[in-house]
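Asks: need the 3D shape of this:
(2 chains)
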Amino acid sequence: MKTSAAVPFRPSARSHPAAGRTVVRAGPLAFVVRRRAAAAGLLLIVLTAAATLVSLGVGSTFIAPLDVVRALAGDGPSTVVVQDLRLPRIVLGLAVGAVLGLSGALLQAVSRNPLASPDVVGVSQGAGLAATLVMSAGLGSAWLGPFALLGGLAAAAAVFAVSGRHGLAAHRFVLGGVAVALALKALTEVFIVGADPIEGQRARIWLAGSLAGLGHRETLTLLVPVLLLAPVLVWAGRAMDTTALDDDVARGLGVRVVRRRLALAGVAVVLAALATSQAGAVDFVALAAPQLARRLVRAERPPLACAALTGALLTVVADLIARTAFAPVQLPVGVLTAALGGPYLLWLLVRRRNR
Amino acid sequence: MARVTDRGGRARRPVVLALSALLLAAAVLASLAAGSRGIAPGHVLDALLHPDGGEESTIVRSLRLPRTVTGVAAGAALALSGVLMQALTRNPLADPRIMGVTSGASLGVVLAISVFGLTALPAYIWFGIAGAALSGTFVYALAARTRDGASPVTLALAGTALDASLSGVVVGVLTVDSQTFDQYRFWAVGSLAGRPPEVALWLLPFVAAGVVLAFGAARGLDALALGDDLARGLGRNVGMVRLAAAVAAIMLTGAAVAAAGPIGFVGLAVPHLARGLVGAGHRWVLAVSVLLGPALLLAADVIGRLVTPPAEVRAGVVTALIGAPFLIMLVRRARTVTA
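Replies: Numbering: from 1, shown residues only, chains lettered A, B, ... in the order given. Have a look, this model is predicted:
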């Protein structure tokens, strides 16, 4: 296992390919189920559902969980608060978190680098810059998605061009990405200052990564393209495992390494740009979610579904804290994730001291 | 070819120093002249030397002069602090902002306003220094902990992570506490605009003390570059040199942030530029940096005033735009990572 040392995971006897797996047969179909991953996935679903219920209940008026459930069914006095005020932003939080978790898991697997996440290496900032341009030019929000995609892809191309030549597993690649991200942020600020004050302020608020005032429309704009990408994601979940192998081993297995790596990175960039275009900068979710999922599943590469669930859980909990901890003031969720994500990144770095 | 014959361009050093001084003078003049209302350089001198109470004279003396003096002091402080930090950590990527020291200082200033209700600049400076000291110590401890295996790149990454989270806390405090926001707004984030004249006065003793300490430690830093053992063999008190340099770096960063907010990359780019021009000897590097730092910061400020009229882009944003490509270049360079 020395070859894939980018992820300091020590394989135990239990992670032997044959261990911990069950074959489920249903007529002509057969699936291999990783038991640990399935259990982790179930746990994540339960936790996310619980966090969602709590988040729906907590706010300027408290609603007991049972009443929340009743309100969700369209019954009881709290229906308006739950369904119209709280549900839309929480659903968006779930969607954004899940998409960011997916994006981070793909990029980290492709680069074999736990620090290579779209929000650290500049992809999110590229999408943010493009979206700021759209806003400050006064274009409608329909343009946000396409432009953010272009911005994210351009930023990714720039990062690969300036710091990809030593391989994506190196810290050098990450720091190059951080530098690109800083430049993009500065450029964004220039455009905000130069814009019409009202449009500029709108862009600034949006960039802070707040879910306040957003809702089902943003969720749909985010999820429709992601659902269209679903077949690609299924392919990516499988391709990830072979692509993350050592290059020679992968080639030996007949994988076209470079092409596949580019395709997977491209999917990751698209996902991150989509999430950023709808909710602004919610930093560090894409970094942390796959790593947490990895520890939960105890596998080198967690299934994409687990990474997505972890991202959704993280974002909903962060948004809950951000909007209630300092009530009546609401923090943008992105501010909270930035404050918490930094120490986490530090911890990752110190732990990997022998690299 | 001069390099080969006179060993590292020794004869060139005084010329470089003079040119740097000239550049700084030009930047000062530009900073006094440029803005939403441009004033001809000749009139700037008139306004400075023979104030007539007219409009131009008032603009120059009460608006642009304090701003320029603040820029000179903050630019010099940041550049020197960068030289010291690069020498101390033997890390070419060190910079007060990249290592998270500036955001520690700005968190100190924000807490001074928010928690302790302080409103005077001297208090900001002390809290800035305290914040810089805490975050600096943290990064240095991290450096010591990872010294065996961590490359400069890893350390710089750790610094940016610290910077991200401390800046996150600053934004959080400002969002929650609107009163603090109102006050802090004027000390904005990395801007030289709207400084009362006293700022420069308060800043001066700290910057002066930092400059004296830095130059005092210069010889010792030269020895330190050879490694601790060799430095001891040369008769240097390694601990004292380190302490003097660290105290100077922290004082300079804290004071600069209290006066101008977190401004990055001046401390990264200027020392490299200076070393390229006058070689690695710290006395010369410090001397050139103390001139080029303010020149760069003032140039950034002037560009910020001119690109998006009538609004102004903060100087810290412009230095980030100039500095980020520089950082990328350093990261790409193979030499950086061998350490």
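Asks: element containing B:Thr58, please.
Replies: Using DSSP states H and E, the element containing B:Thr58 is helix B:55-58.
Asks: close to chain A: what parts of the stretch 151-300 of chain B are there?
Replies: B:151, B:153-154, B:156-158, B:160-169, B:171-172, B:175-176, B:178, B:264 (C-beta under 8 Å from any C-beta of the partner chain). In short, each C-beta sits where N, CA and C put it, glycine included.
Asks: helices and strands around the regular element (helix or strand) spanning B:Val173, which ones?
Replies: If you go by DSSP H and E, B:Val173 is part of helix B:152-176. Packing partners of helix B:152-176 (3 or more C-beta pairs under 8 Å, 6 or more residues apart in numbering or on different chains; DSSP states H and E): helix A:171-194, helix A:333-351, helix B:101-114, helix B:121-145, helix B:178-186.
Asks: how far is that helix from where the chain is centred?
Replies: Taking the mean of its C-alpha atoms, helix B:152-176 sits 18 Å from the chain's own mean (C-alpha atoms, centre = their mean, to the nearest Å).
Asks: excluding its backbone neighbours, what's nearest the closest residue to chain B within chain A?
Replies: Nearest to chain B, among the residues of chain A, is A:Gly342, at 2.3 Å (C-beta to the nearest C-beta). By the measure of C-beta to C-beta, 6 or more residues apart in numbering or on different chains, the closest residue to A:Gly342 outside its immediate chain neighbours is B:Ser165, 2.3 Å from it.
Asks: now that that neighbour has come up, it's in contact with A:Val335, right?
Replies: No - using C-beta atoms under 8 Å, B:Ser165 is not in contact with A:Val335, being 10.6 Å away.
Asks: give me the neighbour count for A:Ala289.
Replies: A:Ala289 has 31 neighbours, counted by other C-beta atoms under 10 Å in any protein chain shown.
Asks: oh, that last question was meant for B:Pro197, not what I typed.
Replies: 14.
Asks: show the contacting residues for the residue found closest to it once you drop the neighbours it is linked to in the chain.
Replies: Once flanking residues are discounted, B:Pro197 sits nearest to B:Pro66: 4.3 Å by C-beta to C-beta, 6+ apart. By C-beta atoms under 8 Å, 6 or more residues apart in numbering or on different chains, the contact set of B:Pro66 is B:195-197, B:199-200.
Asks: from A:Ser210, how far off is B:Pro66?
Replies: Counting by C-beta to C-beta, to the nearest Å, the gap from B:Pro66 to A:Ser210 is 36 Å.
Asks: what of B:Leu166?
Replies: Following C-beta to C-beta, the distance that separates B:Leu166 from A:Ser210 is 20 Å.
Asks: between these two, who's got more neighbours?
Replies: The neighbour count for B:Leu166 versus A:Ser210, taken as other C-beta under 10 Å, is higher for B:Leu166 (29 against 24).
Asks: quick one: the more buried one and A:Gly342 touch, right?
Replies: Yes - applying C-beta under 8 Å, one finds B:Leu166 in contact with A:Gly342, separated by 7.3 Å.
Asks: give me the buried positions along the helix or strand harbouring A:Leu262.
Replies: Element membership of A:Leu262 [criterion: DSSP H and E] is helix A:257-279. Buried residues in helix A:257-279, counted by 16 or more other C-beta atoms under 10 Å in any protein chain shown: A:257, A:260-261, A:263-279.
Asks: would you tell me what the next helix or strand after that helix is?
Replies: Once the chain leaves helix A:257-279, the next helix or strand it forms, by DSSP H and E, is helix A:285-297.
Asks: that next one close to chain B?
Replies: No - judged by C-beta under 8 Å from any C-beta, helix A:285-297 stays clear of chain B, getting no closer than 10.0 Å.
Asks: what separates the helix or strand harbouring A:Gly151 from the chain centre, distance-wise?
Replies: Element membership of A:Gly151 [criterion: DSSP H and E] is helix A:144-163. Chain-centre distance of helix A:144-163: 16 Å, with C-alpha atoms, centre = their mean.
Asks: swap in stretch B:290-306?
Replies: Per C-alpha atoms, centre = their mean, the centroid offset for stretch B:290-306 relative to its chain is 11 Å.
Asks: buried residues in it, which are they?
Replies: Result for stretch B:290-306 [16+ other C-beta under 10 Å]: buried residues B:290-305.
Asks: tell me the centre residue of the chain?
Replies: This is for chain A. Residue closest to the average C-alpha location in chain A (C-alpha atoms, centre = their mean): A:Leu100, at 1.3 Å.
Asks: that answer is for a different chain, and I need it for chain B
Replies: B:Leu78 (1.3 Å).
Asks: hmm, B:Leu297 and it touching each other?
Replies: Yes - taking C-beta under 8 Å as the definition, B:Leu78 is a contact partner of B:Leu297 at 7.1 Å.
Asks: so what sits against both of these two?
Replies: By C-beta under 8 Å, 6+ apart, the residues touching both B:Leu78 and B:Leu297 are B:263, B:266.
Asks: separation between the residue nearest to B:Pro197 and B:Val72?
Replies: Distance from B:Pro66 to B:Val72, by C-beta to C-beta: 11 Å.
Asks: which residues in the stretch 1-150 of chain A form strands?
Replies: In the stretch 1-150 of chain A, the strands defined using DSSP state E, counting those that start in this stretch lie at A:21-26, A:29-34.
Asks: out of those strands, which gets the lowest mean score?
Replies: Least confident of those, judged by mean pLDDT, is strand A:29-34 with a mean of 70.
Asks: so what's A:Thr219 up against?
Replies: Applying C-beta under 8 Å, 6+ apart, the residues near A:Thr219 are A:88, A:91-92, A:95, A:278.
Asks: which non-adjacent residue is nearest it?
Replies: A:Thr219's closest residue in space is A:Leu92 (C-beta to C-beta, 6+ apart), at 4.7 Å.
Asks: show me which of the contacts of A:Thr219 are buried.
Replies: A:88, A:91-92, A:95, A:278.
Asks: dump these to JSON lines, plus pLDDT.
Replies: Converted to JSON lines, those look like this (pLDDT from 0 to 100):
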{"residue": "A:Pro88", "pLDDT": "90"}
{"residue": "A:Val91", "pLDDT": "93"}
{"residue": "A:Leu92", "pLDDT": "92"}
{"residue": "A:Ala95", "pLDDT": "94"}
{"residue": "A:Gln278", "pLDDT": "85"}
